[in-house]
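Give me a model of this one.
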Amino acid sequence: MVNIDFKKELNEGQYAVVSAELGPHLVLAGAGSGKTRTLVYRVAWLLSKQVSADKILLLTFTNKAANEMIARVKSLLHWSPDKKLSIWAGTFHSVANRLLRMYGEAVGVPKDFAIIDEDDKKALLKDIIKDFFSQLDLKRLPSPSVVNEIFSFATNSQISIEEGLARKYSDWQPLLEYFEKIKVEFDKRKRLAKLLDFDDLLLYWYRLTEDHGVGELLAKKWEHVLVDEYQDTNTLQAKIIFNLARKHKNILVVGDDAQSIYSFRAANIQNIFDFPKVFPNCQVHKLEINYRSTPEIVELANAVIASNTKQFAKNLQAVIPKYIKPELIALKTNREEAGFIADRIQGLLADGLEPKEIVVLFRATHHSQYLEMELNRRQIVYELRGGLKFFERAHIKDVLAWLRVFYNLSDEISWVRILQLYEGIGPASAQKIFQAIIKHGSLELKNMSIPLGQTGQKSWSFISAVFEKMLLKKDSTLTELLGLVIEEYSDYLKNTYTDFYERLEDLEQLKVFASNYQDLSTFLAEITLQEQFAEVNSNNKKNNIILSTVHQAKGLEWQAVFIMNLTDQSFPHPLAVSEEEQEEERRLFYVAITRAKQQLYLVYPLANLSFGGFKMLQPSEFIADLDGRLLNYNQLAKSTAGKSDGDVQYVSELDDSSDGFLPDVSEW
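Residues are numbered from 1 along each chain as shown. As a prediction, the model looks like this:
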């Protein structure tokens, strides 16, 4: 029995969504409007109406978001955290993984497939590219990363490689014939090795929904489909969602077109615009009460996004009491910009604000160079978002490769990775050994006759001996098996890396992570689907200020936000020239602004040191378009937001002289 006073606990707009009748619903959730809360209560509402939990599908873009929502549903229902709630909840990729294990054979996917991650995918492409491009006499050839991106964009956008090149990679159009051949070979290699990449997970799920038998089954599997962050879906995901809900039409999607900023990942903003057309009789809801930011910040955000012509009109309204206007600060140089931000951060910390409540945002990571130098000089500890992820580190991938070949002997990429770690085994020898492994099977590895040099033979003897030890431990726990691999790998680690002990500590953490899993199959699948290792041990996160790109900050919030380097050469991006691209850049600026709860600083330099001299800069056009009454600013910035100079308060603690502001280069 669900005993919740939904009407009392939700605002009017949220309650209308939560209690909505059957049929299609588009929820336009403005920044800070309680989107997650609304989805959580919607799930609870459905359960209160006797909808079976396993008839609900909740799709998100991170496993963390899905887990948090399920935890909040349990809390709302006063359930124990350990009690199982059989809702299908997770990312598109994790749900696809589960479904393909169950029904994949209908579309040619073996149940024991393995998931190939991005690095291994590029390694396989690198090997294939050599064969196709080696005879071409060209000064420049696409890297595996470029080829991977071209293929991924085409798959997720549901377009041909030819169209993808024309739309986004025009420089490579002359190589179309080679790209198409590489794609055929790439798919063939994956199929033979029983591997799927992330794009394949979605592609084959879509094919399942199109299959006459399984598609009908999936259409009946869930009675309600809920989708979070719908503005971030790509064309392939939108097709999957349509096929799942086209019969019962009980589909509720939540999103905000004003926060669609991932077109470079093939996200298609048209999905949210077209939703009412795809599902006729769709009811459109708007969540416009902002619980995050002060009225001054909300008013600025509304003014910024109003300049976009293609959007669902929304008017955010703040409920938090008035505070102070956002500050617009112009500095003489990028060095002074860094100094100003560091000064303000020190002031905020001195006032008692926790470091984790402060963020500095920028359009691209290289914009933070001087700020990082200044923070280091002042010994202000920070976390730079976007560093190398745990599971992308070489030593972690090496150890996981051993587990992958133990689970799937046909995993070519993992075998080649292991083999080439050791002396005397190059790419050609690795391929010979792999072909012999496939031919003879796991029980005959040590007896295989392979023509290798003395060093290579010694290395192969070691590798086969390790695999034999693993076979003897096949009935051991996952952590024991992993411990064996780490022990055998440690000599290589010690002989190869100067930071041996730090890397060994990483491997110990991998063992801790593995202890949460009972079987190797689930462990390997979950590792590939993990967004970041930090989620595993979140209690150890340091209380540092954050430096981040705006893209990485979406969905997060801080008390104090600095948006730096707001110049005409950086934000909007100089290469964003079309109206569509400009509007996405403005949405990106809107996302940055709406991360702030109380204090917002818009900062830019008037000159940048470049190639031994100063390069003059102009403020971002996004600032120049604003009504000056929305901001407080220093004298150097007073002409930037110049539509009105009414009730403006100047920031006085800076040296505001604008005469002869370029410093002596020797100061640098």
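
Can you show me the helices along the stretch 101-250 of the chain?
In the stretch 101-250 of the chain, the helices defined using DSSP state H, counting those that start in this stretch lie at 118-133, 144-157, 161-168, 176-192, 198-210, 212-221, 235-245.

Out of those helices, which gets nearest to residue 490?
The closest of those to residue 490 is helix 118-133. By Cβ to Cβ, the value is 22.1 Å. C-beta here means a position set from N, CA and C on the backbone, and glycine is covered the same way.

Would you mind pulling up the elements that that closest one packs against?
Counting contacts by 3 or more Cβ pairs under 8 Å, 6 or more residues apart in numbering; DSSP states H and E, helix 118-133 packs against helix 144-157, helix 176-192, helix 412-419.

In JSON lines, list those helices along with mean neighbour count.
Formatted as JSON lines, the helices and strands packed on helix 118-133 follow (neighbours: other Cβ atoms under 10 Å):
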{"stretch": "helix 144-157", "mean neighbour count": "20"}
{"stretch": "helix 176-192", "mean neighbour count": "16"}
{"stretch": "helix 412-419", "mean neighbour count": "24"}
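
Tabulate the helices of the stretch 101-250 of the chain (a markdown table), appending mean pLDDT and distance to residue 9.
Output for the helices of the stretch 101-250 of the chain, formatted as a markdown table (pLDDT from 0 to 100; distance: least, Cβ to Cβ, whole Å):
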| stretch | mean pLDDT | distance to residue 9 |
| --- | --- | --- |
| helix 118-133 | 86 | 42 |
| helix 144-157 | 90 | 38 |
| helix 161-168 | 91 | 45 |
| helix 176-192 | 94 | 49 |
| helix 198-210 | 95 | 35 |
| helix 212-221 | 86 | 31 |
| helix 235-245 | 95 | 28 |
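
if we compare those helices, which one ends up closest to residue 452?
Nearest to residue 452, of all the helices of the stretch 101-250 of the chain, is helix 118-133, at 19.5 Å by Cβ to Cβ.

Out of the helices and strands packed on helix 118-133, which gets nearest to residue 635?
Comparing the helices and strands packed on helix 118-133 against residue 635 with Cβ to Cβ, the closest turns out to be helix 144-157 (45.3 Å).

name the helices or strands packed onto that closest one?
Judged by 3+ Cβ pairs under 8 Å, 6+ apart, helix 144-157 is in contact with helix 118-133, helix 161-168, helix 176-192, helix 198-210, helix 235-245.

about what we covered before: compare the helices of the stretch 101-250 of the chain and report which one is nearest to residue 328.
Checking the helices of the stretch 101-250 of the chain against residue 328 by Cβ to Cβ gives helix 161-168 as the closest, at 34.5 Å.

Show me what the closest one is in contact with.
With Cβ atoms under 8 Å, 6 or more residues apart in numbering as the test, helix 161-168 has contacts from 150, 151, 153, 154, 157, 159, 172, 173, 176, 179, 180, 183.

could you check the angle helix 144-157 makes with it?
If you take axes from the mean of the first three to the mean of the last three Cα atoms, to 10 degrees, helix 161-168 sits at 100 degrees to helix 144-157.

how much does helix 161-168 deviate in direction from helix 176-192?
Calculated by the same axes, to 10 degrees, helix 161-168 forms an angle of 120 degrees with helix 176-192.

Just the CA trace of helix 161-168, in PDB.
C-alpha atoms of helix 161-168 as PDB (Å, rounded to 0.1, in the frame of the first residue of the first chain):
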ATOM      1  CA  ILE A 161      29.000   6.900 -43.800                       C
ATOM      2  CA  GLU A 162      28.800   9.000 -47.000                       C
ATOM      3  CA  GLU A 163      26.200  11.300 -45.500                       C
ATOM      4  CA  GLY A 164      28.100  11.400 -42.200                       C
ATOM      5  CA  LEU A 165      31.300  12.600 -44.000                       C
ATOM      6  CA  ALA A 166      29.300  15.200 -45.900                       C
ATOM      7  CA  ARG A 167      27.600  16.500 -42.800                       C
ATOM      8  CA  LYS A 168      30.500  16.500 -40.300                       C
END
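
Counting neighbours, which bits of it end up buried?
For helix 161-168, the buried set under the neighbour-count rule, 16 or more other Cβ atoms under 10 Å, comprises 161, 164, 165, 168.

quick check, nearest of those residues to residue 190?
Each of those was scored against residue 190 by Cβ to Cβ, and residue 161 proved nearest at 16.4 Å.

I'd like the distance between that closest one and residue 238.
Remark: distance between residue 161 and residue 238 (Cβ to Cβ, to the nearest Å) = 20 Å.

for residue 278, same thing?
8 Å.

Strands of the stretch 1-150 of the chain, start to end?
In the stretch 1-150 of the chain, the strands defined using DSSP state E, counting those that start in this stretch lie at 25-29, 56-60, 88-91, 114-115.

Most tightly packed of the ones you listed?
Highest mean neighbour count among the strands of the stretch 1-150 of the chain (mean count of other Cβ atoms under 10 Å): strand 25-29, with a mean of 25.

Pull the residues that contact that one.
The contact list for strand 25-29, computed with Cβ under 8 Å, 6+ apart, reads 17, 35, 38, 230, 251-257, 272, 275-276, 282-287, 312, 314.

would you say residue 286 is within a helix?
No - assessed with DSSP: H, G, I helix; E, B strand; the rest coil, residue 286 is strand; it does not lie in a helix.

Check the gap between it and residue 224 for me.
21 Å.

And residue 351, by the same measure?
47 Å.

State the number of residues packed around residue 325.
By other Cβ atoms under 10 Å, 21 other residues sit near residue 325.

Next, the contact list for it, please.
Going by Cβ under 8 Å, 6+ apart, residue 325 touches 296, 630, 631, 632, 649.

Tell me the one of these nearest residue 2?
Nearest to residue 2 among the contacts of residue 325: residue 296, at 39.5 Å, using Cβ to Cβ.

can you list the weak-confidence ranges in the stretch 1-150 of the chain?
By pLDDT under 70, the low-scoring segments of the stretch 1-150 of the chain are 1, 137-140.

Could you do the stretch 451-600 of the chain as well?
For the stretch 451-600 of the chain, the stretches with pLDDT under 70 are 495, 498-502, 509, 529-542.

For it, just list every one of the helices.
For the stretch 451-600 of the chain, the helices defined by DSSP H, counting those that start in this stretch cover 454-472, 478-496, 500-514, 520-529, 550-553, 579-593.

any idea which of those is most buried?
Of all the helices of the stretch 451-600 of the chain, helix 579-593 has the most neighbours on average by mean count of other Cβ under 10 Å, namely a mean of 21.

With only the CA atoms kept, save that one in CSV.
Output in CSV follows, covering the C-alpha atoms of helix 579-593 (Å, rounded to 0.1, in the frame of the first residue of the first chain):
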residue,chain,number,x,y,z
GLU,A,579,22.6,29.5,-36.9
GLU,A,580,22.1,26.0,-35.5
GLU,A,581,25.6,25.9,-34.1
GLN,A,582,25.3,29.4,-32.6
GLU,A,583,22.0,28.4,-30.9
GLU,A,584,23.7,25.3,-29.4
GLU,A,585,26.5,27.5,-28.1
ARG,A,586,24.0,29.8,-26.5
ARG,A,587,22.3,26.8,-24.9
LEU,A,588,25.8,25.9,-23.5
PHE,A,589,26.1,29.3,-22.0
TYR,A,590,22.6,28.9,-20.5
VAL,A,591,23.6,25.6,-19.0
ALA,A,592,26.7,27.2,-17.4
ILE,A,593,24.7,30.1,-15.9
